[in-house]
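Chemist: A structural model of the following input is requested.
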Amino acid sequence: MQKKQNIILGAGIAGLGAAYTLNKRNEESVIIEKDKTYAGLCGNFSINGFRFDRFVHFSFTANEQVNQIFEKSSPEIYRHIPNPFNIYKNKWIKHPAQNNLYPLSEEEKTLIINDFKKRKTITDKVPDNYEDWLRIQYGNYFAEHFPMAYTRKYWMCEAKELETKWIGNRLYQPSIEEVIEGCKTSDTPITYYSKEMRYPKYGGYKQYLKILAEDQEIIYDETVTSIDTINKTIKTSKGRVMQYQHLYSSIPLPKLIGILSQTPPDEVITASKKLKCTCGYQISVGFKTNRIPPYLWWYIYDEDNIAARVYSPSLKSPDNAPAGCTSLQLEVYCNHGRYSDNELIQKTIQPLINQKIIFEEDFLFVDIRYEDFANVIFDHEIYTNRHIVRDYLNSIGITTIGRFGEWDYLWSDQSLLSGLNI
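Modeler: Model prediction:
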């Protein structure tokens, strides 16, 4: 049996942050990681000279500690002014759509403006759910055709199934004057919540984590199969047995509950099973030309295309594609096996070809991969169930960190701080 002062489960950004802090305290630690490399969802993969992140990633953090780590890991970066767009009824609409409606027909613009004028304010009515919030904030027509439609694609549920505390500044709330002005002209100010998006020149987003992983003891390609919190031991998929003084976990909470040797109380098991998250496919495409949309990322509101979001690795950094080539990655959120590979292509790529947004003769390859965990779903029971599970884990000596350890809507810098601040 190996004995370690600290064991960390998962070498994603939170797990690496925890190990980095422990090293600064001169405390011994080892990370157990199921993949063959570090970074988790902040990692990437390569195909024929093309590099793809695992979903879209940029840094826009204002946190000084995080920025220092990122700058040491990747001194050379690109600084992008955010220019996201949306596709709606074969029209390109500047993001956020609610104050950039100029490309729409006069009929739709009139419907939206009239709804905005009639809408109730948040102070008049407290929303019971996300659908209520959207209708109150944007009026019925816009809510139904834009964010409610997008919610079904991105959050894998109806808007009324979500609560509202997670929203924060993620959705821009324009005045009626801004909406009217955005109907008259496309020359509108950028109102995206971040003014600058930073990305490494080389190595993909994973490069930001380089110094976090240096000098760490990481056991790769191995999963933890059981945790005995009484004897403070773990067992792994390769028969390894290790004893710890402190255990830190970034494993998704439902999975963590499932590998405890001592059966948790029924209340905890029930709560863990009620924690919901999105999952889905990454459809990565390499092109032999530069004929792709000029936007770093874009959203698709039309429900006849099941992709929710598209980003371009080659626009984030030319290092992500061979010279003269470009790339896109489409995100489809659904349960595994809901669509065959052919259906995924026909319901995502083919509509873009039909719209002449991309061109079939430019394709070099299409690659399809699946992620079990993408984002936390904020249904109406999340806070109660999360509290039950995390409190129990804390009571048996397990500290949970990261997006799926805290079970929260954490951006990458927040996930890193979750680990750094143990």
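Chemist: which parts of whichever strand or helix holds residue 46 are buried?
Modeler: In this structure, residue 46 sits in strand 44-47 according to DSSP states H and E. Neighbour counts over strand 44-47 (16 or more other C-beta atoms under 10 Å) mark residue 44 as buried. C-betas here are computed from N, CA, C, even on glycine.
Chemist: And stretch 192-199, by the same measure?
Modeler: 192, 194, 197-199.
Chemist: Kindly report the same for stretch 232-239.
Modeler: 232-236.
Chemist: Quickly list the domain ranges of this protein.
Modeler: Domain ranges of the chain: 2-43+204-274+380-420, 96-184, 280-371, per automatic domain parsing.
Chemist: Could you grab the helix/strand/coil label for the nearest residue to residue 294 once chain neighbours are set aside?
Modeler: In space, and not counting its chain neighbours, residue 294 is closest to residue 315: 7.4 Å by C-beta to C-beta, 6 or more residues apart in numbering. What DSSP: H, G, I helix; E, B strand; the rest coil gives for residue 315 is helix.
Chemist: separation between residue 296 and residue 309?
Modeler: 11 Å (C-beta to C-beta, to the nearest Å).
Chemist: what do you get for residue 8?
Modeler: Going from residue 8 to residue 309 by C-beta to C-beta gives 31 Å.
Chemist: For those two, indicate the residue with more neighbours.
Modeler: Between residue 8 and residue 309, counting by other C-beta atoms under 10 Å, residue 8 is the more crowded of the two (31 against 20).
Chemist: Would it be right to say that that one lies in a helix?
Modeler: No: according to three-state DSSP, the state of residue 8 is strand, so it is not within a helix.
Chemist: can you pull the contacts of it?
Modeler: By C-beta atoms under 8 Å, 6 or more residues apart in numbering, the contact set of residue 8 is 15, 18-19, 29-32, 248-250.
Chemist: can you pull the pLDDT of it?
Modeler: At residue 8, the predicted lDDT confidence score is 98.
Chemist: going forward can the numbers begin at 622, since that is how I track them
Modeler: New numbering, starting at 622: the last item is residue 629.
Chemist: hey, what's it bridged with?
Modeler: residue 652, residue 869 (DSSP bridges).
Chemist: quick one on the thing from earlier: for the strand holding residue 667, what is the average pLDDT?
Modeler: Regarding strand 665-668, the rounded mean pLDDT is 98.
Chemist: Now do it: which elements does it pack against?
Modeler: Here strand 665-668 is seen to pack against strand 671-674, strand 984-992 when contacts are counted using 3 or more C-beta pairs under 8 Å, 6 or more residues apart in numbering; DSSP states H and E.
Chemist: what's the nearest residue to residue 993 if we skip its chain neighbours?
Modeler: For residue 993, the closest residue by C-beta to C-beta, 6+ apart turns out to be residue 900, at 5.3 Å.
Chemist: Got the confidence number for that neighbour?
Modeler: Residue 900 is given a pLDDT of 98.
Chemist: OK, contacts around it?
Modeler: Here residue 900 is in contact with 777, 954-957, 991-995 (criterion: C-beta under 8 Å, 6+ apart).
Chemist: what's the answer for residue 1034, then?
Modeler: Here residue 1034 is in contact with 680, 682, 684, 687 (criterion: C-beta under 8 Å, 6+ apart).
Chemist: Against residue 851, how distant is the third one?
Modeler: To tie it back to what came earlier, the one meant is residue 684. Residue 684 is 38 Å from residue 851, by C-beta to C-beta.
Chemist: Pick out whichever of these two has more residues nearby.
Modeler: residue 684 (15 against 9).
Chemist: how close does residue 921 sit to residue 767?
Modeler: For residue 921, the distance to residue 767 - C-beta to C-beta - is 11 Å.
Chemist: shared neighbours of these two, anything?
Modeler: By C-beta under 8 Å, 6+ apart, no residue touches both residue 921 and residue 767.
Chemist: Strands of the stretch 622-771 of the chain, start to end?
Modeler: 623-630, 650-653, 665-668, 671-674, 698-701, 706-709, 712-715 (DSSP state E, counting those that start in this stretch).
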